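Participant: Any chance you could fold what I've pasted below:
(chains A and B)
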Amino acid sequence: MLELKNLTFTAQNTDVNGKSSIRTIIDNVSYTFEKGKFYAITGPNGSGKTTLAKLIMGINEATSGSVIFEGKEITGLSITDRARAGIAYSFQNPARFKGTTCRDLLAMAAKTDDEKVIVDIITRVGICSLDFLDKPVDSRLSGGEIKKIELATTIALNPKVAIYDEPDTGIDLWTIDPMVKLLKKEQKNHNTTTIVVSHNRAFLEAADVLLLIKDGKIIYRGDLKGALPLLNDFSLCSFTNVCEGELNARCYR
Amino acid sequence: MLDAIDKELLKKVAELEGIPKGAYNIRKNGKLLNREVSANINIETNPQGNGIIITIKPGTKNESVHIPVIVSQAGLNDVVYNNFIIGEDSDVTIIAGCGIHCGSSKDQGHEGIHEFRVGRNAKMKYVEKHVALGDGKGKRSLNPTTKVFLEQDAYAEMELSQIGGVDSANRLNEAELGAGSSMLITERVMTDGNQIATSRNQIILKGDNCKANMISRSVIKGDSIQNFYATLDAQAKCFGHIECDAIIMDNGRNETIPALKAGHPDAELTHEASIGKIANDQLMKLMSLGLTYDEAVNRIIQGFLK
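Facilitator: Below is the predicted model of the structure:
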């Protein structure tokens, strides 16, 4: 349904001495997401999880390789065209707007100003209160509140593919389980292909397939149980390349 | 009689489809066109004959008065001095505004000098919209002045906006706040082409526990220039905040200078100011909802100036 073929993304790095080098963030990734399944993408910080998600949405432009959606090549399409084709993206750090309200965003997503439709979306999302509707989506909202609105706008799009980048950031512990249930319900009721980038065990457990990314490559695909030994390795230390053990004062553990 | 141009201007500046209900005073090309008073709101021409005095009886609740101005005569620069006396314990809305229709190469303008005295415990909402229309090449200028005096525990909310088409605007807002009074000013200005708009604001926080909040939103398109200056002068235990944001598009230029003066040890004054282009994350969010780049820009600007 959504196929990544030899997808590569590189970025130019300039060091303190002004010397530039090319860094490969996503390294020749090929993978096919199946319709209606729930995927969790996890891996150490800086491994390329968010970049991969952004390549699917068109926020980052692929250096090489292709993205094929429902049999059509979409690698050259804009964010707008991918959104119109049915791909939605929930940002890790949602944008804040002066003056634009939650109602405005939901109306844009749902393509209607109809009060009933907007209230229905809020009710469907459940975790997002009606009180938010006419509040500006600005810096006065807490991190958790804005994430809930972000989630609501993604769901309001009724997408074929929904990508959530760390949806639990800033969310209180008591909302994470309802959030997982909500995404599962959307997956089931609307046959939404769901891709969640997360470190949170609740999402990893909920996933049909877990993709483990390290150094821009998918190093594991399968269930959480099989991934646990690898994940435990990551939790020990992610600076093995530079760290020289406890004698070295720069040990980050 | 209102002609088609008058009706269009009235709709733009006062959201009126025709003659309003209740008290009103419509001024057209420097002269009185229509006036109506109500049991609680009196409107009379001032002794100098160059403006009106609007008196609102103490205790008047939930009433409104419309005082739109239309300038459609080629080459006219209309200057008017209006005084508003808002009685104690009243709660009123004043809808002002000026619409210029320029159809010739002659310059046209309007200068409205408005002085408000808001009585004890009274609430006033003042809405002022400025717009200029027409295909004429004449320069359209609007230079409004508002002076507001708030007595004890009075409240004033002022919504000042310049929607478009105005070539030159020099705005002056002055206010003096008595004890326990509070004031919210929201100014929204959009300029384009070679237009210039300057707003100067001087708010004196004079009485104990008074509060002032000044919000300015500017959208600067084309080669236009906008300047915003605001001073909060605290002379008592009070609270004051200035929030000024400018979005620059194309080659627009902006100077924003918020100033805080604390003349009292218990004064609490803050300000936040920003100038910049539309944030990329905002554009990406709206594009991810299916909007094109241009649609996203329009929606962000609409929300910002709402």
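Participant: So which residues on the stretch 51-200 of chain B come close to chain A?
Facilitator: Within the stretch 51-200 of chain B, no position is near chain A by CB under 8 Å from any CB of the partner chain. Bear in mind the C-beta positions are built from the backbone N, C-alpha and C, glycine included.
Participant: What are the neighbouring residues in contact with the residue in the stretch 51-200 of chain B that chain A sits nearest to?
Facilitator: Per CB to the nearest CB, the residue of the stretch 51-200 of chain B with the smallest distance to chain A is B:Arg188, at 9.4 Å. B:Arg188 makes contact with B:Glu159, B:Leu160, B:Ser161, B:Gln162, B:Ser216, B:Arg217, B:Ser218, B:Leu305, according to CB atoms under 8 Å, 6 or more residues apart in numbering or on different chains.
Participant: Correct me if wrong: A:Asp208 contacts A:Phe33.
Facilitator: No: using CB atoms under 8 Å, A:Asp208 is not in contact with A:Phe33, being 10.4 Å away.
Participant: Name the residues contacting each of those two.
Facilitator: By CB under 8 Å, 6+ apart, the residues touching both A:Asp208 and A:Phe33 are A:Tyr39.
Participant: now the strands for chain A?
Facilitator: Assigned by DSSP state E, chain A shows strands spanning A:2-14, A:20-33, A:38-42, A:64-69, A:72-73, A:87-90, A:161-165, A:193-197, A:209-214, A:217-222.
Participant: how about those, which one is nearest chain B?
Facilitator: strand A:87-90 (4.8 Å).
Participant: what comes into contact with the closest one?
Facilitator: Outside strand A:87-90, the residues that reach it (CB under 8 Å, 6+ apart) are A:2, A:53-54, A:56-57, A:59, A:69, A:83, A:150-151, A:153-154, A:157, A:159-165, A:167, B:288.
Participant: State the pLDDT value of A:Leu236.
Facilitator: On pLDDT, A:Leu236 comes in at 50.
Participant: Now do the contacts for the residue nearest the centre of chain A.
Facilitator: Nearest to the geometric centre of chain A sits A:Asp165, at 2.2 Å (CA atoms, centre = their mean). A:Asp165 makes contact with A:Thr50, A:Ala53, A:Tyr89, A:Ser90, A:Phe91, A:Gln92, A:Val197, according to CB under 8 Å, 6+ apart.
Participant: ok, now how distant is the nearest residue to A:Ile149 once chain neighbours are set aside from A:Glu145?
Facilitator: Nearest non-adjacent residue to A:Ile149, counting by CB to CB, 6 or more residues apart in numbering or on different chains: A:Cys102, 5.1 Å away. A:Cys102 sits 9 Å away from A:Glu145, taking CB to CB, to the nearest Å as the criterion.
Participant: just B:Ser90 next, same as before
Facilitator: To A:Glu145, B:Ser90 is 38 Å away according to CB to CB.
Participant: of the two, who's got more company?
Facilitator: A count of neighbours by other CB atoms under 10 Å in any protein chain shown puts B:Ser90 above the other of B:Ser90 and A:Glu145, at 23 against 19.
Participant: And the lowest-mean-pLDDT helix or strand in chain A, what does it pack against?
Facilitator: Least confident helix or strand, chain A: helix A:224-236 with a mean of 75, by mean pLDDT, DSSP states H and E. On a contact count with 3 or more CB pairs under 8 Å, 6 or more residues apart in numbering or on different chains; DSSP states H and E, helix A:224-236 meets helix A:201-206, strand A:209-214, strand A:217-222.
Participant: related to what we said a few turns ago, take the contacts of A:Asp165 and write them to CSV, including neighbour count and pLDDT.
Facilitator: Converted to CSV, the contacts of A:Asp165 look like this (neighbours: other CB atoms under 10 Å in any protein chain shown; pLDDT from 0 to 100):
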residue, neighbour count, pLDDT
A:Thr50, 20, 93
A:Ala53, 23, 95
A:Tyr89, 29, 97
A:Ser90, 27, 95
A:Phe91, 25, 95
A:Gln92, 18, 92
A:Val197, 24, 95
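Participant: With respect to B:Leu16, which of those is nearest?
Facilitator: Checking the contacts of A:Asp165 against B:Leu16 by CB to CB gives A:Phe91 as the nearest, at 42.4 Å.
Participant: Tell me who's in contact with the closest one.
Facilitator: Counting by CB under 8 Å, 6+ apart, A:Phe91 has contacts A:Glu150, A:Asp165, B:Asp281, B:Met284, B:Lys285, B:Ser288.
Participant: just checking, which of these belong to helices?
Facilitator: Taking DSSP state H, the ones among the contacts of A:Phe91 that sit in helices are A:Glu150, B:Asp281, B:Met284, B:Lys285.
Participant: most neighbours, which of those?
Facilitator: The most neighbours of any of the ones in helices among the contacts of A:Phe91, using other CB under 10 Å, belong to B:Lys285, which has 27 neighbours.
Participant: so that residue touches A:Pro94, yeah?
Facilitator: Yes: taking contacts as CB under 8 Å, B:Lys285 lies within contact range of A:Pro94: 6.9 Å.
Participant: between A:Asp208 and A:Phe33, which one's more packed in?
Facilitator: Relative neighbour count places A:Phe33 above the other of A:Asp208 and A:Phe33, with 19 against 13, counting by other CB under 10 Å.
Participant: Report the beta-bridge partner residues of the residue lying closest to that one once chain neighbours are set aside.
Facilitator: Closest residue to A:Phe33 apart from its sequence neighbours, by CB to CB, 6+ apart: A:Leu2 at 4.2 Å. A:Leu2 has these beta-bridge partners by DSSP bridges: A:Phe33, A:Phe69.
Participant: Residue 41 - how many residues pack around it?
Facilitator: Here I'm looking at chain A. 26.
Participant: wrong one, chain B
Facilitator: Per other CB under 10 Å, the neighbour tally for B:Ile41 reads 22.
Participant: pLDDT at it, what is it?
Facilitator: 95.
Participant: Same check on A:Leu2?
Facilitator: With respect to pLDDT, A:Leu2 scores 94.
Participant: do A:Asn248 as well
Facilitator: 52.
Participant: ditto for B:Leu286
Facilitator: As predicted, B:Leu286 sits at a pLDDT of 97.
Participant: Contact partners for it?
Facilitator: Counting by CB under 8 Å, 6+ apart, B:Leu286 touches A:Met108, B:Glu295, B:Ala296, B:Arg299, B:Ile300.
Participant: do that again at 7 Å, thanks
Facilitator: A:Met108, B:Ala296, B:Arg299, B:Ile300 (CB atoms under 7 Å, 6 or more residues apart in numbering or on different chains).
Participant: Which residue is the nearest non-sequential neighbour of the second one?
Facilitator: Right, the one you point to is B:Ala296. B:Leu286 (3.7 Å).
Participant: One more: A:Pro94?
Facilitator: Nearest residue to A:Pro94, sequence neighbours excluded (CB to CB, 6+ apart): A:Glu150, at 4.1 Å.
Participant: Can you name the residues that contact that neighbour?
Facilitator: Neighbour list for A:Glu150: A:Ser90, A:Phe91, A:Pro94 [criterion: CB under 7 Å, 6+ apart].
Participant: follow-up on the earlier one: from the contacts of strand A:87-90, list the buried ones, please.
Facilitator: For the contacts of strand A:87-90, a neighbour count by 16 or more other CB atoms under 10 Å in any protein chain shown gives the buried set as A:2, A:53-54, A:56-57, A:59, A:69, A:83, A:150-151, A:153-154, A:157, A:159-165, A:167, B:288.
Participant: Kindly export the strand or helix carrying B:Glu159 (C-alpha atoms) in PDB.
Facilitator: Using DSSP states H and E, B:Glu159 falls within strand B:155-164. Output in PDB follows, covering the C-alpha atoms of strand B:155-164 (Å, rounded to 0.1, in the frame of the first residue of the first chain):
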ATOM      1  CA  TYR B 155     -13.100  49.300  31.500                       C
ATOM      2  CA  ALA B 156     -12.400  50.000  27.900                       C
ATOM      3  CA  GLU B 157     -11.800  47.600  25.100                       C
ATOM      4  CA  MET B 158     -10.700  49.100  21.800                       C
ATOM      5  CA  GLU B 159     -10.500  47.200  18.600                       C
ATOM      6  CA  LEU B 160      -8.800  49.300  16.000                       C
ATOM      7  CA  SER B 161      -8.200  48.000  12.500                       C
ATOM      8  CA  GLN B 162      -7.100  49.100   9.100                       C
ATOM      9  CA  ILE B 163      -8.200  46.500   6.600                       C
ATOM     10  CA  GLY B 164      -6.700  47.700   3.400                       C
END
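Participant: I appreciate the help and will end here.
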